[in-house]
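Asker: Following is a predicted model, sequence given first.
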Amino acid sequence: MSKISYRSLFDLTGQVAVVTGGAGILGQHFCAGLAESGAKVAVVDLQEAKAIELAKKIRDDYSNQAIGIGCDVSKSESVQAMVEQVISEFGEINILHNNAAGKSEDLNAFFASFEDYSLEQWRQIMSVNLDGMFLVAQAIGKQMVTQGKGGSIIQTASIYGVIAPDRRIYDGSFYLGRQIDSPAVYSASKSGVIGLTKYLAAYWADQKIRVNTLTPGGVESGQNSEFKQKYSARVPLARMAKPTEMVGALLYLASKASSYVTGQNIIVDGGLTTW
């Protein structure tokens, strides 16, 4: 058997990666991880100023090419303009991390009970969490087909797209000073991401475009101690995840290390779904 460099399988030098929701809590770590592995990174976010600022930091920290782009993934014209800007800057796209997720400015509407949930609020979240996934995957997948080199698409779902929330852990739980819950629209949209991934994995297999899902469990991001304790009690590893702990799975799925992996849902949850 000839010697194989297994470490080189994770090398992304020369690859162009697009990360939507790139300036978010997890997104900034995903962008940094891709850059450190050698990829040129397009940080794409609804908040353009934050995307541009993060791209500058990546250039400074990793001496790698990076650009920040403002984009509303729920609007096809905005998505198309984003793709054109990436191609203009880098010439091609090899990796897509379809990671953007919607937030509601009206938290009372977002956390309303299922019985009183408004269709307007449901559609607002779906327009980003699912419609946005469709629009970005469609535009960048089409670009990958045109390039004829294959590619890797990773789509972020959520543990609540796989299992239902345990409502008991939300009693007395706060996030950034507000009582929280997990609404049905979040579960439905994230479950839809997993279904879309499986469809696209089969659809684009003959184009050598791999499509997989990355599903994070609960990540520490400002929840109060009561929530952390209750959530951690449900997890075999007995704690919530750190944002950095999601990056390894992304790099695996983005690289040649996962060259025979497509249509899969990689769950990084500390063992929550084993129970």
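Answerer: Arrived safely.
Asker: Could you list the buried residues of the longest helix seen in the chain?
Answerer: Of all the segments of type helix in the chain, defined by DSSP state H, the longest one is helix 184-203. For helix 184-203, a neighbour-count test (16 or more other Cβ atoms under 10 Å) marks 185-194, 196-198, 200-201 as buried. C-betas here are computed from N, CA, C, even on glycine.
Asker: Could you check how far the spatially most central residue of the chain is from residue 21?
Answerer: Centre of the chain computed as the mean C-alpha position; nearest residue by Cα atoms, centre = their mean is residue 99, 2.5 Å away. Relative to residue 21, residue 99 is positioned 4 Å away (Cβ to Cβ, to the nearest Å).
Asker: Need the residues touching each of the two.
Answerer: Common neighbours of residue 99 and residue 21 are listed as 27, 156 (criterion: Cβ atoms under 8 Å, 6 or more residues apart in numbering).
Asker: which residues in the stretch 1-150 of the chain form strands?
Answerer: Per DSSP state E, counting those that start in this stretch, the stretch 1-150 of the chain carries strands over the ranges 16-20, 40-45, 66-70, 95-98.
Asker: Quick one: those as a markdown table, columns for mean neighbour count too.
Answerer: Listed next are the strands of the stretch 1-150 of the chain as a markdown table, based on neighbours: other Cβ atoms under 10 Å:
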| stretch | mean neighbour count |
| --- | --- |
| strand 16-20 | 29 |
| strand 40-45 | 31 |
| strand 66-70 | 22 |
| strand 95-98 | 28 |
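Asker: Please convert those to CSV, extending it with mean pLDDT and distance to residue 180.
Answerer: Putting these into CSV (pLDDT from 0 to 100; distance: least, Cβ to Cβ, whole Å) gives the following:
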stretch, mean pLDDT, distance to residue 180
strand 16-20, 99, 24
strand 40-45, 98, 23
strand 66-70, 98, 28
strand 95-98, 98, 25
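Asker: Make a markdown table out of those strands and add distance to residue 139.
Answerer: Formatted as a markdown table, the strands of the stretch 1-150 of the chain follow (distance: least, Cβ to Cβ, whole Å):
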| stretch | distance to residue 139 |
| --- | --- |
| strand 16-20 | 10 |
| strand 40-45 | 11 |
| strand 66-70 | 13 |
| strand 95-98 | 9 |
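Asker: Since that was my last question, I'll sign off now.
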